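Q: Kindly generate the corresponding structure for this input.
(chains A and B)
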Amino acid sequence: MKAFTVLDGLAAPMDRANVDTDLIIPKQFLKSIKRSGFGPNLFDELRYLDEGQPGQDCSQRPLNPDFPLNQDRYRGASVLLARENFGCGSSREHAPWALEDYGFRCIIAPSFADIFYNNCFKNGILPVVLSEAAVEQLFRELYATEGYQLQVDLPAQTVTTPAGEAFTFEVDAFRKHCLLNGLDDIGVTLESAETIRGFEARWQQQAPWLFGAGNRGH
Amino acid sequence: MAALTLYDKLWRNHLVEQRDDGSALIYIDRHLIHEVTSPQAFEGLRLAGRQPWRRDANLAVPDHNVPTESAERAGGVAGILDPISRLQVQTLDDNCLAFDITEIQINDRRQGIVHVVGPEQGATLPGMTVVCGDSHTSTHGAFGALAHGIGTSEVEHVLATQCLVQKKMKNMLVRVDGQLQPGVTAKDVALAIIGEIGTAGGTGYAIEFGGDVVRDMSMEGRMTLCNMSIEAGARMGMVAVDQATIDYVKDRPGAPRGELWDAAVSAWADLHSDPDAVFDREVVLRGADIQPQVTWGTSPEMVLPIDGVLPDPESQDTASRRAAVQRALEYMGLTPGMRIRDIRPDRVFIGSCTNSRIEDLRAAAKVVRGRKVAASVKQALVVPGSGLVKAQAEAEGLDRIFIEAGMEWREPGCSMCLAMNADKLGAGEHCASTSNRNFEGRQGMGGRTHLVSPAMAAAAAVAGHFVDVRRLEEELA
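A: From the prediction side, this is the model:
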């Protein structure tokens, strides 16, 4: 996983509430058995005028000119500014994979759906929760200013506007640690292997019906 | 000792390690696997040279991509026409073989939607932690289990460590008091709750469903209710264990037997919230107030009772809400002030992990028995949740009732709930669907989904428009 420290990035708007993971990456692309290559199909149904198919060359498809990511001013954006309950719906990790593959490393919103929020951290993406008022202000400034850049500083837990105004945000210590260092958290968990084995042995004594072949579903 | 909620107890029982930073390592008893969210996890294990921590904790079944047409299905994996779907299902078979994980394969008669199969096989038991790379894993909470969806990185994490890194959620009680009116079902209760608290109302919470209405529900009904927790924003929803739970679990293939069964039942007696447990939030609904529900928009919270009238964007209180209602009406091709009952579905879908169990099929069959699907309805699909549900329905003659009414009786799978196989809506088509999500494009690009109960879907199929199933007789007269 890519580490995340400080990001200076162009911001792009996704100005609607309750953006669900079906909208972020439609189901037909979930048939892939790979974890990369989803970027061209990010927001597929909003971004293109035709119906996308897996494995298609997206450079030949008709673009929806009204969709912000198709506009020159947002090209190369790495910060996505969004509204409340971003990432709701399905648990598909293909959603953060698509965002990351496209080039987004940070998403700022007033709230996120739980599973999506969690999935972001596993993929080097920082989801930042700011207040409704702060997000509203950022949207206003972004629309008013072409080339609107935000600085997202994970160690300091701040988002700073081009005018130098800084908003602080909260992030769990463990998630921050993993993201700052680009850590594979399976490796971290396996450092506790002895503790897990100890728990497992006690639990098996307490609830033996949860273990063994008799519980294999057939 | 402090009074605990059901969630507190399940958390406590599975706590491996509490860390200073507030995160915790939680032990996972059951890991369910399907073909869509697992290939990259197995690939991750392979790349890191890791093996599954505990093979017997895993159970796999393909469901999302599988064809539901009998002819295509007969060919098994090799017979799947879409090569990309075929590769994904084949990859699950290959991974389960390589890592020695039990898999119920595509044409095994026990195959079905993972959230139907788990409970049916007794792979889901009270007091377990159950996870799966699928947000509707909340379904299994109906058994007094701590059950929730995870992403693919966590699928890999569970495979490799039998644990997840978690932070404890807050507790929410949703209590539905009294009794439901006849013809009102668990699906209507779920939709009414989402209408009440909103699609993000449960974010950050573990929901426990309680109250007389929930106590009176069958296990199928409780599964429907817990299934839709995620549509209220909560990763997990659960119901306390009672006699109905124990009766359902008894003699399932994965259920303990003999002395072990007695020990388990006695341990399960603790799987309820203590009487004086404190919840961070409580929501109370009166069962008698709940009417049959129909969603009109593109979020499950955009829901109305059957006699409702579509909202006017102008009368919404915030700019964000005005924009959302406006956009939803445009996408759905509907106008403010229109009556729900005047919406005419082009297709009807009865199925999904929400509503494809035997009780759901019985409810739908009861409505269509001796009637015909309206001429304006292009297609009405009935997709049982598993091969065993299908066999049971056929033994009861339900398949004949559907077929005689002009409906299609299919092989089990996720089907049109998310349209990863050939079953999908065309652009602009309205669908009366017993599934769980009415998002834009969910059932096919440009498709327009209306979420309803099986009885309400069946009623819409025969009437040609949405109709109160309790007044179907007079409507058709």
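Q: give the contact list for A:Glu93.
A: Neighbouring residues of A:Glu93 by CB atoms under 8 Å, 6 or more residues apart in numbering or on different chains: A:Asn119, A:Lys122, A:Asn123, B:Thr37, B:Gln40, B:Gly133, B:Gly151, B:Thr152, B:Ser153. Bear in mind the C-beta positions are built from the backbone N, C-alpha and C, glycine included.
Q: One more pass at 6 Å, please.
A: Applying CB atoms under 6 Å, 6 or more residues apart in numbering or on different chains, we find A:Glu93 in contact with A:Asn119, B:Gly151, B:Thr152.
Q: Please flag which of these sit within helices.
A: A:Asn119, B:Thr152 (DSSP state H).
Q: What segments of chain A are helices?
A: Counting by DSSP H, the helices of chain A are A:21-24, A:44-47, A:94-102, A:114-121, A:132-144, A:173-181, A:185-190, A:193-206.
Q: Give me the buried positions along stretch B:296-311.
A: B:296-306, B:308, B:310-311 (16 or more other CB atoms under 10 Å in any protein chain shown).
Q: my bad, should have said stretch B:15-27
A: Result for stretch B:15-27 [16+ other CB under 10 Å]: buried residues B:Val16, B:Glu17, B:Ser23, B:Ala24, B:Leu25, B:Ile26, B:Tyr27.
Q: ok, residue 76 - how many residues close by?
A: Using chain A. 9 (other CB atoms under 10 Å in any protein chain shown).
Q: nope, chain B
A: For B:Gly76, using other CB under 10 Å, the count is 15.
Q: rewinding a little: with distance to B:Asn227, secondary structure and pLDDT added, can I get the buried residues of stretch B:296-311 in a markdown table?
A: Formatted as a markdown table, the buried residues of stretch B:296-311 follow (distance: CB to CB, whole Å; DSSP: H, G, I helix; E, B strand; the rest coil; pLDDT from 0 to 100):
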| residue | distance to B:Asn227 | secondary structure | pLDDT |
| --- | --- | --- | --- |
| B:Trp296 | 21 | coil | 98 |
| B:Gly297 | 20 | coil | 98 |
| B:Thr298 | 20 | coil | 98 |
| B:Ser299 | 17 | coil | 97 |
| B:Pro300 | 12 | coil | 98 |
| B:Glu301 | 16 | coil | 98 |
| B:Met302 | 19 | coil | 98 |
| B:Val303 | 16 | strand | 98 |
| B:Leu304 | 21 | strand | 98 |
| B:Pro305 | 21 | strand | 98 |
| B:Ile306 | 21 | coil | 98 |
| B:Gly308 | 23 | coil | 98 |
| B:Leu310 | 26 | coil | 98 |
| B:Pro311 | 26 | coil | 98 |
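Q: Can you tell me which of those residues is nearest chain A?
A: B:Ser299 (5.2 Å; CB to the nearest CB).
Q: correct me, but the closest one touches B:Thr199?
A: Yes: counting by CB atoms under 6 Å, B:Ser299 does reach B:Thr199; the two are 5.2 Å apart.
Q: any shared contact partners between the two?
A: A:Asn18.
Q: show me what contacts residue 160?
A: This is for chain A. Here A:Thr160 is in contact with A:Gln151, A:Ala166 (CB under 6 Å, 6+ apart).
Q: ah, I was thinking of chain B
A: By CB under 6 Å, 6+ apart, the neighbours of B:Ala160 are A:Ile186, B:Arg50.
Q: just checking, next helix/strand downstream of the helix or strand it falls within?
A: Here B:Ala160 sits within helix B:152-161, counting by DSSP states H and E. Scanning forward in sequence from helix B:152-161 by DSSP H and E, the next helix or strand is strand B:163-166.
Q: so where's the chain uncertain?
A: Just going to use chain A. A:213-218 (pLDDT under 70).
Q: actually chain B
A: Using pLDDT under 70, chain B drops low at B:1.
Q: so which of the buried residues of stretch B:15-27 also contact chain A?
A: Of the residues in those, proximity to chain A by CB under 6 Å from any CB of the partner chain holds for B:Val16, B:Glu17, B:Ser23, B:Tyr27.
Q: so what's residue 21 up against?
A: Reading this off chain A. Per CB under 6 Å, 6+ apart, neighbours of A:Thr21: A:Gly87, A:Gly89, A:Ser90, A:Arg92, A:Ala95.
Q: Chain B was what I was after
A: Here B:Asp21 is in contact with A:Ala173, A:Phe174 (CB under 6 Å, 6+ apart).
Q: Return the distance of it relative to A:Gly147.
A: 38 Å (CB to CB, to the nearest Å).
Q: before we move on, back to that, farthest pair within the ones next to chain A among the buried residues of stretch B:15-27?
A: B:Ser23 and B:Tyr27 (14.4 Å; CB to CB).
Q: Pick out the residue of the stretch 251-400 of chain B closest to chain A.
A: B:Pro256 (3.6 Å).
Q: That residue: which element?
A: Applying DSSP H and E, one finds B:Pro256 in no helix or strand.
Q: Then the one 5 residues further on?
A: Here B:Trp261 is covered by helix B:258-268, with elements defined by DSSP H and E.
Q: ok, and what's touching that helix?
A: Residues contacting helix B:258-268 (CB under 6 Å, 6+ apart): A:Trp209, B:Pro126, B:Gly127, B:Val241, B:Ile246, B:Pro256.
Q: What residue, apart from its backbone neighbours, is nearest the fifth one spatially?
A: The reference is to B:Ile246. B:Val265 (5.9 Å; CB to CB, 6 or more residues apart in numbering or on different chains).
Q: Fine by me, thanks again.
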